[in-house]
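Colleague: Need coordinates for the following:
(2 chains)
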Amino acid sequence: MIDLPAAEEAPRPLHPGISQVSKAHRKLAPIVPAQNIAGHALILVIAIMTFLSCLTLGAVTLVSDTAATWQTQIAREATIQIKPADDLDMEAALASAQSIASRFAGVRSASIVDRAATARLLEPWLGAGLNIDELPVPRLVIVTIDPTNPPDFAALRQALSAEVPRAALDDHRTWVDRLVAMARTTVTIGFSVLILMLSATVMTVVFATRGAMAGNGHIIEVLHFVGAEARFIAGEFRQHFLLTGMKGAAAGGLAAIIVFVGFSWWSSRNLATPEADQAAALFGNFAIGSAGYLGVALVVVVIGMLTAATSHLTVMSYLSDIDMRQHDA
Amino acid sequence: MIRFENVGLRYGMGPEILRDISFHLPERSFQFLTGPSGAGKTTLLRLLFLSLKPTRGLISVFDKDRSRIGPTELPLIRRRIGIVFQDFRLLDHMTTYENVALPLRVRGRDEASYRGDVIELLKWVGLGERMHVLPPVLSGGEKQRAAIARALIEQPEILLADEPTGNVDPPLARRLLRLFIELNRLGTAVVIATHDLGLMDQVDARRMILSGGRLDIYD
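Modeller: Numbers count the residues shown, from 1 in each chain, chains lettered A, B, ... in the order given. Prediction:
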């Protein structure tokens, strides 16, 4: 211990007297400072990227739902066509085909397209007032299928050819196959775009977070030197950036939902107009459904967590740099 | 308390900045660390504060071998060492009060449990009226005292101060020196790195002089 020089006064407050105790009850400033310019930019970048990702996700959901609808609608029907012949009793053949089809499991109903309906079908080509008996016109039996449990088409075809040799079963397989292939391609392209979009979002969020973190190096260092444990420092930054990320992501997600709701409203308001019919033919009713909204919520949460995780890793690597830099400081 | 044995340090592949440094800092001791600019005073302080690892030699801190102290144990040991940086390193978005209370806050302590202590310490260093001011508004001397208060709030066993009087006029320098002496009387070991001969002449204390990478000690 050391003695005090006699000439000096003992230390005492330079500005004694006024008590500041009451003011000290104010809420403490956060350890990580509130938003600066980099923080605002980060929120904006996250909002934009989330908006674009959610739009892509919604569009992919829409296309995928529509593609699934195309398949099921087509697969709900098959047609039995009976070609006329001189010695064929067409009505008996139709009835026979109808009863054969009805016997099969997975067939909901089989109905004969009657003379009047057949004439109506041909009206655009042959004109009105057609006497169907004067022409050798093929006749049809429409078979409605349970799409979840379709009948054995091969067995049905065999049974038909055994009893009604002029009958041909068209299960629309060629069309269905084409549509399925087209739908699958569309969905695959959609998902590829979604993956690219999400990758771009991840990278943008990671780099923007690192950019926003760059201005906080001195805070990490001071906290480290006053004896804060790494997990405390990382926790503070994680919490701050989780909130920042969620704010931006929620704004972007909300904007995307507004766009979808807006489109849905527009299409429902313009029902039966040529524009809406065209859009509806392609995309159904423009509703992205609960899966789409859940997806948007998921994107928001994931982006928030990604921002938090990036800040956590940045803090940990910064701290490890402080402790590891031994000879190059 | 802290012991150096043949400690050497070089940055990268460069020459040794510090060579064969050996000394012992006993409890409740008071010493000046001096030497010309660039002699390695700050480097030696950083070795004492465990923010650098030596290239060779042995450092033991509170009877623990430096090389065996892991990253999880480091914060616990740092809490027993107070440091005043030459550039203060106060956080600009926090008030003087919050800066000084920071070491206690990061330990997860409730504000109510330390508020009185922090205010008392701020008054002791003469910042009673400036406790709710942000650092950018403080003068150099006030920043210095805030940094000293922050280093002292956890009642460290040793205080390291890097040029604590470098930014203040002679009367305030004397006052700060008085503060360190008073602190030492209360039981804290003190190391003041300075090249201010006038300051050292005011107190008859141990002098550790760094020159050409070597350390000479005058008791």
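
Colleague: Hmm, residue B:98 is touching residue A:27, no?
Modeller: No - with contact defined as CB atoms under 8 Å, residue B:98 and residue A:27 do not form a contacting pair (10.4 Å). Placement of C-beta: from N, CA and C, glycine included.

Colleague: Look at the two and report which has more neighbours.
Modeller: residue B:98 (23 against 6; other CB atoms under 10 Å in any protein chain shown).

Colleague: Now name the helix or strand holding residue B:192.
Modeller: Here residue B:192 sits within strand B:189-193, counting by DSSP states H and E.

Colleague: Against which helices or strands is that strand packed?
Modeller: Applying 3 or more CB pairs under 8 Å, 6 or more residues apart in numbering or on different chains; DSSP states H and E, we find strand B:189-193 packed against strand B:30-34, helix B:41-48, strand B:158-162, helix B:170-185.

Colleague: Specify the next element, helix or strand, located C-terminal of that strand.
Modeller: helix B:197-201.

Colleague: Please tell me the pLDDT value assigned to residue A:71.
Modeller: What the model reports as pLDDT for residue A:71 is 69.

Colleague: Kindly apply the preceding question to residue A:213 instead.
Modeller: pLDDT, read off for residue A:213, is 80.

Colleague: Repeat that for residue A:40.
Modeller: Residue A:40 is assigned a predicted lDDT (pLDDT) of 86.

Colleague: and what of residue A:179?
Modeller: 77.

Colleague: picking that back up, could you dump the helices and strands packed on strand B:189-193 to JSON lines with mean pLDDT?
Modeller: Shown next, in JSON lines, are these (pLDDT from 0 to 100):
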{"stretch": "strand B:30-34", "mean pLDDT": "94"}
{"stretch": "helix B:41-48", "mean pLDDT": "90"}
{"stretch": "strand B:158-162", "mean pLDDT": "93"}
{"stretch": "helix B:170-185", "mean pLDDT": "87"}
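
Colleague: So for stretch B:126-140, mean pLDDT?
Modeller: 92.

Colleague: What residues of it count as buried?
Modeller: Within stretch B:126-140, the residues that count as buried by 16 or more other CB atoms under 10 Å in any protein chain shown are B:126-131, B:134-135, B:138.

Colleague: So, low pLDDT: which residues of chain A?
Modeller: Across chain A, the ranges flagged by pLDDT under 70 are A:1-26, A:71, A:73-74, A:271-272, A:276-287, A:323-329.

Colleague: Just give me the neighbour total for the closest residue in space to residue B:133 that isn't next to it in sequence.
Modeller: Leaving aside its chain neighbours, residue B:133 sits nearest to residue B:96 (5.7 Å; criterion: CB to CB, 6 or more residues apart in numbering or on different chains). Look at residue B:96: counted by other CB under 10 Å, it has 28 neighbours.

Colleague: And for residue B:178?
Modeller: Applying other CB under 10 Å, I find that residue B:178 has 19 neighbouring residues.

Colleague: how about the helices in the stretch 151-300 of chain A?
Modeller: A:153-163, A:173-214, A:217-225, A:230-269, A:274-283, A:289-324 (DSSP state H, counting those that start in this stretch).

Colleague: coming back round to it: make CSV out of the helices and strands packed on strand B:189-193 and add distance to chain A.
Modeller: Shown next, in CSV, are these (distance: least, CB to the nearest CB, whole Å):
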stretch, distance to chain A
strand B:30-34, 4
helix B:41-48, 7
strand B:158-162, 11
helix B:170-185, 5
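
Colleague: Out of those, which gets nearest to residue A:305?
Modeller: Comparing these against residue A:305 with CB to CB, the closest turns out to be helix B:41-48 (36.8 Å).

Colleague: That closest one packs against which elements?
Modeller: Using 3+ CB pairs under 8 Å, 6+ apart, helix B:41-48 is in contact with strand B:2-10, strand B:16-25, strand B:30-34, strand B:158-162, strand B:189-193.

Colleague: rerun at 7 Å
Modeller: strand B:2-10, strand B:16-25, strand B:158-162, strand B:189-193 (3 or more CB pairs under 7 Å, 6 or more residues apart in numbering or on different chains; DSSP states H and E).

Colleague: how far does it sit from the chain's center?
Modeller: 10 Å (CA atoms, centre = their mean, to the nearest Å).

Colleague: Could you check how far residue B:196 is from chain A?
Modeller: 16 Å (CB to the nearest CB, to the nearest Å).

Colleague: Would you confirm that residue A:28 contacts residue B:98?
Modeller: Yes - at 5.8 Å, residue A:28 counts as touching residue B:98 under the criterion of CB atoms under 7 Å.

Colleague: ok, back up a step: minimum distance to residue A:95: which of the helices of the stretch 151-300 of chain A has it?
Modeller: Here helix A:153-163 is closest among those (CB to CB), at 11.0 Å.

Colleague: The closest one relative to helix A:173-214, how many degrees between them?
Modeller: 170 degrees (axes from the mean of the first three to the mean of the last three CA atoms, to 10 degrees).

Colleague: Return the distance of helix A:153-163 from the chain's centre.
Modeller: That offset, for helix A:153-163, works out to 43 Å (CA atoms, centre = their mean).

Colleague: Pull out the buried positions in it.
Modeller: A:153, A:156-157, A:159-160.
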